[in-house]
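In: A structural model of the following input is requested.
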Amino acid sequence: MRRVGLCGLFWMLALVPRPAYPQTLQQEPASSANSRHQELLRRRLEKKEELLPSVPNRIERALLSFDRAETPTLQEANFHGFYPRVAWIARGSGISFGTRYWQRDMKGTPLDLAGAAFYSIYGYQHYDVQFGLMPHRGRKLPGPSWEGEELYQLADPETTGVSRFTLYGTFRHRYLPRTDFFGEGPDSELEDRSNYLLKSTGTYARAGFQFTNHFSVTLNTGYWIYSLGPGTESSNPPTQQIFDDVTAPGLSSAPDYFRFGANALIDYRDEPGNPHQGFVLAATAMRSEDQTEGEFSYRALSVDARGFFPLGSRQRILALRSAVVLQEPDRDNQVPFFVQPSLGGSHTLRGFDSYRFQGPKAMLYQLEYRWEASPIWELALFTDAGTVSDPGEELSFSELKWDYGFGMRFKNFQSVLIRIDVAWSKETTRFFLRTSSSF
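Out: Numbering: from 1, shown residues only. Alright, predicted model coming up:
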């Protein structure tokens with residue numbers, strides 16, 4: 001009985017008729033499907049035509065600019081052409097506060113006007129005015145006024161790829177009240193440290209021609225006036241108290257100079273202020289004629305070569321530098337000690353005091369491994385080696401002085417904004433905070 005009952009129930013369910021579903025749910029006609037597809041396509045096209053590009057707001061623009069390490073707005077902030085700045089105007093000057101002035105293409109002409117005024121916490125002063133057809137890149141400020149005797153400045157002028165012809169004049173005055181002097185030659189003693197006041201005023205003209213995008217030549221001529229006095233740093237004696245005209249030529253009678261010379265620059269760096277690859281080669285030949293006693297005339301030749309090599313990527317760079325300065329006095333003349341090339345400080349031998357080694361001839365070698373952790377932040381390991389010569393002697397590799405250290409740099413895509421270096425040598429440990437690249 002149970003088996004028959006189950007079978008009967010099964011057949012009863014099987015014979016129940018299926019409900020009739022609407023035709024549209026069972027199968028949609030082909031013509032209706034095509035019409036619906038065309039309607040969806042039409043709506044997509046209409047929506048595409050109505051789309052507008054995304055416009056970032058002010059905060060988004062600032063974050064994007066920061067992430068790409070573009071030039072910060074603060075770098076371009078100015079007040080009617082005056083650019084407030086913090087700088088180091090000379091080795092040993094301490095932090096300096098002041099302003100630069102910059103007006104390019106004045107009143108629709110190609111003429112430019114630039115100037116600077118700085119005062120440091122130790123009383124150092126720097127003033128300059130430049131006018132004419134100056135080398136510059138767009139809105140970027142031109143480089144600092146040219147000294148001609150500083151080793152680290154040789155390959156710094158950003159003249160390549162900026163303009164075909166430059167012609168401008170400069171007036172420059174510097175007051176350096178506590179410049180260190182340890183004596184001439186590689187064997188100068190740390191215990192002989194002294195300081196002197198150096199005032200220099202120069203009026204000069206420069207004319208440059210851009211032969212190609214990577215090669216330029218600049219001619220220089222001008223008149224320089226120097227004067228010396230006792231230094232103002234009380235912790236060390238005045239130079240006049242320890243040295244004389246024999247051990248420090250020109251100490252009691254600083255000469256005035258008429259100078260003329262030429263500078264050649266071959267620059268294949270991808271970005272001069274923040275290179276990741278390429279090289280630069282600079283050479284300067286200068287003649288300085290004593291306009292006072294006629295005892296301090298000399299000629300000088302300087303060469304500076306720098307190379308930048310990516311190690312697998314642009315984020316890992318090996319930076320190399322080699323530089324030499326050769327000053328030769330005329331017969332029966334001498335090179336004044338205060339215009340001789342010197343090593344020591346934040347751009348040359350970083351593990352030694354500023355002006356630590358001075359002589360008429362100098363050579364320098366530098367190596368840096370740079371790792372760009374991000375476009376705005378870079379870490380570096382470095383070592384420096386260099387030496388100077390005694391008057392009348394030649395340079396010797398056996399007299400090389402060494403240091404080593406590490407640092408970090410904050411920058412944009414054009415230049416280093418802040419550089420922090422720590423360096424060690426057998427004499428001391430040095431810490432540097434600067435607003436420029438090492439080289």
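In: could you use CA atoms for every contact and neighbour count after this?
Out: OK.
In: residues near residue 136, how many?
Out: 20 (other Cα atoms under 10 Å).
In: didn't it look like it was pressed against residue 142?
Out: Yes: in this structure, residue 136 is within contact of residue 142 by Cα atoms under 8 Å, at 4.9 Å.
In: any idea how far the nearest residue to residue 310 once chain neighbours are set aside lies from residue 293?
Out: Spatial nearest neighbour of residue 310, excluding adjacent residues (Cα to Cα, 6 or more residues apart in numbering): residue 317 at 4.6 Å. To residue 293, residue 317 is 50 Å away according to Cα to Cα, to the nearest Å.
In: tell me which of the two has more neighbours.
Out: Neighbour count, other Cα under 10 Å: between residue 317 and residue 293, residue 317 has more, with 22 against 11.
In: what's near enough to touch that one?
Out: 276-277, 308-311, 369-371 (Cα atoms under 8 Å, 6 or more residues apart in numbering).
In: who's it bridged to?
Out: Assessed by DSSP bridges, residue 317 has beta-bridge partners residue 310, residue 370.
In: between the contacts of residue 317, which has the most around it?
Out: residue 370 (25 neighbours).
In: same list (the contacts of residue 317) but as JSON lines, adding pLDDT and distance to residue 384.
Out: JSON lines is the format used below for the contacts of residue 317 (pLDDT from 0 to 100; distance: Cα to Cα, whole Å):
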{"residue": "276", "pLDDT": "93", "distance to residue 384": "20"}
{"residue": "277", "pLDDT": "95", "distance to residue 384": "20"}
{"residue": "308", "pLDDT": "97", "distance to residue 384": "16"}
{"residue": "309", "pLDDT": "97", "distance to residue 384": "18"}
{"residue": "310", "pLDDT": "96", "distance to residue 384": "20"}
{"residue": "311", "pLDDT": "95", "distance to residue 384": "20"}
{"residue": "369", "pLDDT": "98", "distance to residue 384": "12"}
{"residue": "370", "pLDDT": "97", "distance to residue 384": "15"}
{"residue": "371", "pLDDT": "96", "distance to residue 384": "18"}
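In: make TSV from those residues and add distance to residue 246 to it.
Out: Formatted as TSV, the contacts of residue 317 follow (distance: Cα to Cα, whole Å):
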residue	distance to residue 246
276	46
277	46
308	42
309	45
310	49
311	50
369	42
370	44
371	47
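In: and which of those is nearest residue 119?
Out: Using Cα to Cα, residue 370 comes nearest to residue 119 of the contacts of residue 317, at 32.7 Å.
In: wait, the closest one touches residue 320, no?
Out: No: counting by Cα under 8 Å, residue 370 does not reach residue 320; the two are 10.9 Å apart.
In: just the helices from this protein, written as ranges.
Out: All helices of the chain, identified by DSSP state H, fall at 2-14, 23-26, 30-50, 58-67, 73-76, 239-242.
In: contacting residues around residue 258?
Out: By Cα under 8 Å, 6+ apart, the neighbours of residue 258 are 221-224, 288-291.
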